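Peer 1: Generate coordinates for the sequence data below:
(one chain, ligands or ions: 1)
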Amino acid sequence: MIPRKAVAEHTPIWKKEFASSLHLAELVKSAKSKDTLVLNNNVTELNAIDSAFPIRINSALIQRLDHSDEDTRERVLRQYLPHVDELKLSPNELQDPVGDVVASKTQGLIHKYQHRVLLITSDTCPIHCRYCFRRDYPYPQTNSQQIEARWGEALDYIRADQSLNEVILSGGDPLSLDDEKLAQLIHALEAIDHIKTLRLHTKYPSIMPSRITPELIQTLSSSRFDVVIVLHINHAAELSKELSTAVSNVRTAGIHCLNQSVLLQGVNDDIDCLEQLSRKLFTAGILPYYLHLLDRAKGTAHFEVSQQRADELMQAMKQRLPGYLVPKLAREIAGADSKQY
Ligand code: SF4
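Peer 2: Residues are numbered from 1 along each chain as shown. Below you'll find the model as predicted:
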């Protein structure tokens, strides 16, 4: 984890932004002062929610939303602000809703589908999405030596399986690693001839666009891989000018940019929201890829949108948007040999 401490002057901007994230203490203060940020929670509930899945919100995101209307602000923040409904657990909610643990071949290396594996590269995210499907994932230890030992085992597995051609760096968020550490991993993967494509799943560009550093772009563009960055944006208001600039730099370097969203009750379960999201993604140079149905992690039922409602929204999107702007509606089923869409 990146420690919460004062950061030095030479620290990259994104790390300073990370260090200024809001956690439980700031929200408790906010609740006590009857700030509108945590209208629905008292201090006891906030503590219980935080114990189950720690609160982390980016203060710059909250400030950016000051310019939005109330409905937009509520929809975006609903993803990240704790809600008392997280304390209601239902029997069909699971600790490992998508079967990551069963599909792990080495610690943090998940092999579910043909030709590709996913490496849990980091245990840290720039923000904590309250609907997170990995909120209870048993993240491996991440001090430097342990990371290298873990990567060693994962690399051995990848090297030995010649049917693989793609590695997905996920997490947590792979961009929580320093540029140097990420470059070290990418170089090690490059030495495995049968790996042709490198994919990164990341939340950073929408939360802290400053994470897309020139050094990161240089590492990705100079690798021999076809590189795909899959962003995670659920609402059009999460796209900023800074994000568009970062994506433009990434695309100029020959890297593909896609987006995966989750369909969330009270966030984007509305045809105008979904249409606007697809259109703004396209303007920013990002193609909509997946619209996921909620993975039933513990304490997330208040985000669920029914299959019927999801189908209606997809139908409406097909009517309003050209095909290339309609994401695939996907559900992940633990143990299945592909996503269902
Ligand atoms: S970015 Fe992904 S892994 Fe991280 S908290 Fe959000 S949903 Fe979970």
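Peer 1: Just name the shakiest helix or strand of this protein by mean pLDDT.
Peer 2: Using mean pLDDT, DSSP states H and E, helix 24-32 stands out as the lowest-scoring helix or strand of the chain, at a mean of 82.
Peer 1: Rounded mean pLDDT for the following helix or strand past that one, please.
Peer 2: On the C-terminal side of helix 24-32, the closest following helix or strand by DSSP states H and E is helix 43-52. With pLDDT averaged residue by residue, helix 43-52 scores 93.
Peer 1: With stretch 189-208 instead?
Peer 2: Across stretch 189-208, the average pLDDT comes to 98.
Peer 1: Could you tell me the end-to-end distance of it?
Peer 2: One end of stretch 189-208 to the other measures 26 Å (C-alpha to C-alpha, to the nearest Å).
Peer 1: Also stretch 206-214?
Peer 2: The first and final residues of stretch 206-214 sit 17 Å from each other (C-alpha to C-alpha).
Peer 1: again with stretch 184-204
Peer 2: Chord length of stretch 184-204, first to last residue, is 20 Å (C-alpha to C-alpha).
Peer 1: contact partners of it?
Peer 2: Counting contacts by C-beta atoms under 8 Å, 6 or more residues apart in numbering, the residues outside stretch 184-204 that touch it are 14, 116, 121, 125-127, 129, 151, 155, 158-159, 162, 164-171, 173-177, 211-212, 219-220, 223-232, 260. Where C-beta positions appear, they are placed from N, C-alpha and C, glycine not excepted.
Peer 1: Show me what counts as buried in that stretch.
Peer 2: Taking 16 or more other C-beta atoms under 10 Å as the basis for neighbour counts, the residues of stretch 184-204 that come out buried are 185-186, 188-189, 192, 195, 197-204.
Peer 1: mind listing which of the contacts of stretch 184-204 are in strands?
Peer 2: Restricting the contacts of stretch 184-204 to those inside strands, with DSSP state E as the criterion, leaves 116, 166-170, 226-232, 260.
Peer 1: in this structure, which spans are strands?
Peer 2: Assigned by DSSP E, the chain shows strands spanning 104-106, 109-110, 116-120, 166-170, 197-202, 226-232, 256-262, 287-292, 328-330.
Peer 1: who wins for proximity to the ligand among those?
Peer 2: Nearest to the ligand, of all the strands of the chain, is strand 226-232, at 5.6 Å by C-beta to the nearest ligand atom.
Peer 1: From Gln218, how far out is the closest residue to Glu215 other than its chain neighbours?
Peer 2: Taking C-beta to C-beta, 6 or more residues apart in numbering, and ignoring the residues beside it in sequence, Glu215 has Asp179 as its nearest neighbour in space, at 4.3 Å. Using C-beta to C-beta, to the nearest Å, one obtains 9 Å as the distance from Asp179 to Gln218.
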